[in-house]
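> Here you go, sequence then predicted model.
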Amino acid sequence: MKKNQTLLELLTGIVALGIGIQIVCLIVSKNYLYDAVGLWSGIGICLFSAIHMYRSIEEAVDLGEAGATKHVRLGYATRMVVTLLVAGAVIYFRIGNYVTLLIGVFPLKLAAYLQPFTHKLFQKIQHVRKGG
């Protein structure tokens, strides 16, 4: 579970940022559902990308140098295709706001930068659970 702890912290950061952005959208926006669908489509892309990146890196470590490079590139291409398909579907079918979708993709980077803080928060929670 130790290896998965960082992924869990990253995913928690993405969802927390998504909730924060959703609150701002509820205050600022007039079309709540349309904006929310766009935002959470972007958050879904983030969550998929983080999990897929984690698995791709785990698998690439076991491959040789040439195989790892090829595997990482294929993983990147897969994430881009999924991102374009989801974004394209949201835009084409007009089921969500494309601006909030783009905003929803940014938490992947932000959560990576905030991961040391979520790590400390998780450590404090675990320390309290252990009765310390």
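Great, that's in hand. In this text, all values refer to a predicted model and were calculated from it rather than measured experimentally.
> Where does the prediction get shaky in the chain?
1-3, 132 (pLDDT under 70).
> go with 90
Low-confidence segments of the chain, defined by pLDDT under 90, are located at 1-4, 63-66, 126-132.
> In contact with the residue most central in space within it: list those residues for me.
The centre of the chain sits closest to C46, judged by CA atoms, centre = their mean, with a distance of 2.6 Å. Applying CB atoms under 8 Å, 6 or more residues apart in numbering, we find C46 in contact with 14, 18, 104-105, 107-108, 111. For glycine as for every other residue, the C-beta is placed from the backbone atoms N, C-alpha and C.
> In TSV, list those along with secondary structure.
Output for the contacts of C46, formatted as TSV (DSSP: H, G, I helix; E, B strand; the rest coil):
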residue	secondary structure
I14	helix
G18	helix
G104	helix
V105	helix
P107	helix
L108	helix
A111	helix
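> Save those as a markdown table, and put in distance to Q123 too.
Below are the contacts of C46 laid out as a markdown table (distance: CB to CB, whole Å):
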| residue | distance to Q123 |
| --- | --- |
| I14 | 19 |
| G18 | 23 |
| G104 | 28 |
| V105 | 28 |
| P107 | 22 |
| L108 | 23 |
| A111 | 17 |
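> Put the buried members of these into a ChimeraX selection.
Here is the ChimeraX command that selects the buried residues among those (16 or more other CB atoms under 10 Å):
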select :14,18,104,105,107,108,111
